[in-house]
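Chemist: 3D model of this:
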Amino acid sequence: MKGGRSKAEDNGNDTKLKSRGAKAGKRKAKAAKDPNKPKRPPSAFFVFMEEFRVQFKRENPDNKSVAAVGKAGGEKWKSMSDAEKAPYVAKAESRKNDYNKSMKAYNKKLADGENGVEENESDKSKSEVNDEDEDGSGTAEEDEDDD
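Modeler: Numbers count the residues shown, from 1 in each chain. Next up is the predicted model:
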């Protein structure tokens, strides 16, 4: 049989499946994203696609496929010369400079401690947390002293 495994070869060793299953449980939780962090700037191609989508929808109003728009935009971008791409590259550079300025300001705010995100660990106020400690929910050492 071409390309297939024989039963003699398959002796019950599914090491690939076992190793994948072991790794699946060790995934780390993602860190929370800061909503105040500036978004990364688009590349020259995505700046081009912003204009191309509008033009494509005007020419093809009945087309509902996102894939078709992306495919047509990619083909158009590849066929363009560097001179035709230059305005989009310039816009992308301008947006990148704006992004770098806003990131510097954002990082400065973080360094100053003004990130605007509350750092409370729970919904309980501090007085409620202190009340629970005083309720007599003591440790084992305190219980031994009572005897």
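
Chemist: who touches the one helix or strand residue 75 maps to?
Modeler: Under DSSP states H and E, the secondary-structure element containing residue 75 is helix 66-79. Residues from elsewhere that reach helix 66-79 (C-beta atoms under 8 Å, 6 or more residues apart in numbering): 45, 48-49, 52-53, 56-57, 60, 63, 85. Heads up, the C-betas are built off the backbone N, CA and C, glycines and all.

Chemist: kindly recompute the last result at 6 Å.
Modeler: Taking contacts as C-beta atoms under 6 Å, 6 or more residues apart in numbering, the residues outside helix 66-79 that touch it are 45, 48-49, 52-53, 56.

Chemist: do stretch 39-49 as well
Modeler: Residues outside stretch 39-49 that contact it (C-beta under 6 Å, 6+ apart) are 73, 77, 88-89, 91-92, 95-96, 99.

Chemist: among the residues you listed, which ones are buried?
Modeler: Among the contacts of stretch 39-49, the ones that count as buried by 16 or more other C-beta atoms under 10 Å are 73, 77, 88, 91-92, 95, 99.

Chemist: inside helices: which ones of those?
Modeler: Members of the buried ones among the contacts of stretch 39-49 lying in helices (criterion: DSSP state H): 73, 77, 88, 91-92, 95, 99.
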